[in-house]
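# Can you look at this prediction? I've put the sequence above it.
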Amino acid sequence: MKLTLKDIAHSLGVSTATVSNAFSRPDQLSADLRERILGEAKRLGYRGPNATARSLRSGKTGTIALVLTERLQYNFEDPVATRFLHGVSEIFDQQNINMLLLPSRAEFYRNNTVDSLADGFVIYGPPRDSSVLERIVVRGKPTITVDFNLPEVRSLNIDNFHGARDAARHGLKAIENGPLAVLALRVLTESEVVGRIQDDDVLASPYESVSRRRLDGYRAALEETKRSLDNEWVWNVPESRYEYGYQAAREALMSNPRPKLLLCMSDRLALGAIAAAQDLGLNIPQDLKVIGFDDIATAAYQRPALTTVHQPQNEKGRQAAKMVLGLSEYTKDVLLEAKLIVRDSC
């Protein structure tokens with residue numbers, strides 16, 4: 001016979017609420033009483049309240065899903081993503097909320113309904129397959145998008161456009177009229193290789209792409225000085241990885257004319273670019289100036305120290321968690337400041 005809370009309560013002569021507290025709210029009972037209840041439950045073979053049934057009654061599981069655009073593995077390698085995850089988990093820990101990590105690959109959901117367990121969703125970056133977004137939004141649960149916008153869904157973004165514009169303004173002053181190149185992170189909608197942007201390439205939408213917003217910021221700074229950024233001086237890079245930055249920078253620096261400034265859409269790309277320049281015998285910042293984006297921890301300790309744009313990743317994670325839990329004072333879209341940090345590389 002399957003035992004219930006009532007059976008244990010009857011056996012001990014206590015209320016069902018008291019038995020329930022012994023399993024889920026031990027701080028509400030004395031140590032002796034809780035020990036007596038748990039001992040009797042063990043003797044009778046009762047393993048505690050049914051969590052699934054309880055969640056069905058309350059309509060809550062105490063779980064928020066974090067939908068990650070990149071491979072799950074990538075988010076534990078990339079310092080920007082890990083700082084965001086740190087901020088989210090800090091608030092979830094405080095509120096006793098579970099975190100469910102989900103990929104954004106459409107094939108994951110074909111025979112899987114694990115996302116139905118979530119009380120809400122934080123979508124970190126735009127999924128490449130829109131069907132994943134449709135699946136989440138149609139549930140009608142609290143949802144926050146991070147680093148992109150979605151109609152009728154609250155968003156949390158870094159001010160990528162103005163951060164990039166400030167970086168480009170600073171770099172252009174340093175090189176005056178010298179040539180420059182951009183190492184752009186996933187600015188193409190369909191490309192998994194490192195290479196120059198071609199005129200017929202389809203750029204990602206500025207409403208869905210952090211990189212497109214940064215590219216538009218670079219171009220805005222150039223337009224202020226009556227200059228333009230031709231596509232042939234923009235290298236698309238599929239992931240923020242040191243080796244990709246090295247490869248793209250080496251190609252750019254072997255071009256004619258050789259760039260005097262590299263605007264890199266991540267610090268990891270910038271660090272790879274600095275290594276490529278040094279291997280080519282160039283001195284930084286005398287022969288080449290480099291500006292990154294993100295302000296990861298190693299940016300300040302690199303030699304030369306990296307000029308970059310700081311984005312508050314921990315705070316972004318904390319705010320995303322507060323927004324989806326209804327703890328934030330923000331009731332509309334949120335745009336966090338991106339601030340230029342000037343160091344030795346430019």
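Yep, it's here. Numbers count the residues shown, from 1 in each chain.
# where do the helices sit along the chain?
Residue ranges of the helices in the chain, as given by DSSP state H, are 5-12, 16-24, 31-44, 51-58, 79-94, 130-137, 160-175, 210-224, 242-253, 267-279, 297-301, 313-325.
# Quick check, pLDDT for the nearest residue to Asp119 once chain neighbours are set aside.
Setting aside the residues directly before and after it, Asp119 is nearest to Lys60 in space (C-beta to C-beta, 6 or more residues apart in numbering), at 5.4 Å. Quick note: C-beta positions are derived from backbone N, CA and C, even for glycine. Lys60 is assigned a predicted lDDT (pLDDT) of 73.
# My guess is Lys60 contacts Gly120. True?
No: using C-beta atoms under 8 Å, Lys60 is not in contact with Gly120, being 10.0 Å away.
# So for those two, which residue has more residues nearby?
More neighbours surround Gly120 than the other of Lys60 and Gly120, with 20 against 11 (other C-beta atoms under 10 Å).
# need the contact list for that one.
Neighbour list for Gly120: Ile64, Ala65, Lys141, Pro142, Thr143, Ile144, Val324, Leu325 [criterion: C-beta atoms under 8 Å, 6 or more residues apart in numbering].
# how close does the fifth one sit to Val153?
For Thr143, the distance to Val153 equals 5 Å [C-beta to C-beta, to the nearest Å].
# Find residues that contact each of the two.
Shared contacts of Thr143 and Val153, counting by C-beta under 8 Å, 6+ apart, come down to Val137.
# mind giving me the domain split of the chain?
Taking automatic domain parsing as the criterion, the chain consists of the domains 5-49, 63-158, 160-311+333-341.
# can you give me the end-to-end distance of the longest one?
With C-alpha to C-alpha, to the nearest Å as the measure, domain 160-311+333-341 spans 14 Å from end to end.
# Could you give the average pLDDT over it?
The predicted model gives domain 160-311+333-341 an average pLDDT of 93.
# now the first one
Summarised as a single mean, pLDDT over domain 5-49 is 81.
# From the chain's centroid, how far away is that domain?
42 Å (C-alpha atoms, centre = their mean, to the nearest Å).
# Glu90 and Gln319 touch, don't they?
No: judged on C-beta under 8 Å, Glu90 makes no contact with Gln319 at a distance of 11.1 Å.
# Neighbour count: those two, which is higher?
Gln319 (23 against 14).
# tell me the contacts of the more buried one?
Shown here is Gln319, whose contacts under the criterion C-beta under 8 Å, 6+ apart are Gly87, Leu156, Ser328, Tyr330, Val334, Leu336.
# And the first one, how far from Ile123?
Counting by C-beta to C-beta, the separation of Gly87 from Ile123 is 16 Å.
# higher neighbour count, those two?
Shown here are Gly87 and Ile123; by other C-beta under 10 Å, Ile123 has more neighbours (28 against 21).
# Mind checking which of the contacts of Gly120 are in strands?
Ile64, Ala65, Thr143, Ile144 (DSSP state E).
# For Ser328, see how far away Ala248 is.
When C-beta to C-beta is the yardstick, Ala248 and Ser328 sit 38 Å from each other.
# Looking at these two, which one has more neighbours?
For Ala248 against Ser328, the residue with the higher neighbour count under other C-beta under 10 Å is Ala248, and the figures read 27 against 18.
# Report the contact partners of the closest residue to the more buried one other than its chain neighbours.
Counting by C-beta to C-beta, 6+ apart, the nearest residue to Ala248 once its immediate chain neighbours are dropped is Trp235, at 4.1 Å. Counting by C-beta under 8 Å, 6+ apart, Trp235 makes contact with Ala181, Val182, Leu183, Ala184, Val194, Gly195, Arg196, Ile197, Ala248, Glu251, Ala252.
# repeat for Thr143
Applying C-beta under 8 Å, 6+ apart, we find Thr143 in contact with Gly120, Phe121, Val122, Ile123, Ile136, Val137, Val153, Arg154, Val324.
# do Val237 as well
The contact partners of Val237, by C-beta under 8 Å, 6+ apart, come to Leu183, Ala184, Leu185, Arg186, Val194, Tyr244, Gly245, Ala248, Met265, Leu269.
# Looking at those residues, which one is closest to Val132?
Lowest distance from Val132 to those (C-beta to C-beta) belongs to Arg186, with 17.2 Å.
# how many neighbours does the residue lying closest to that closest one once chain neighbours are set aside have?
Take Arg186 and drop its neighbours on the chain: the residue closest to it by C-beta to C-beta, 6+ apart is Ser211, 5.3 Å away. Under the neighbour criterion other C-beta under 10 Å, Ser211 is assigned a count of 25.
# got it, and the one 10 residues further on?
Around Ala221 sit 21 other residues, with neighbours defined as other C-beta under 10 Å.
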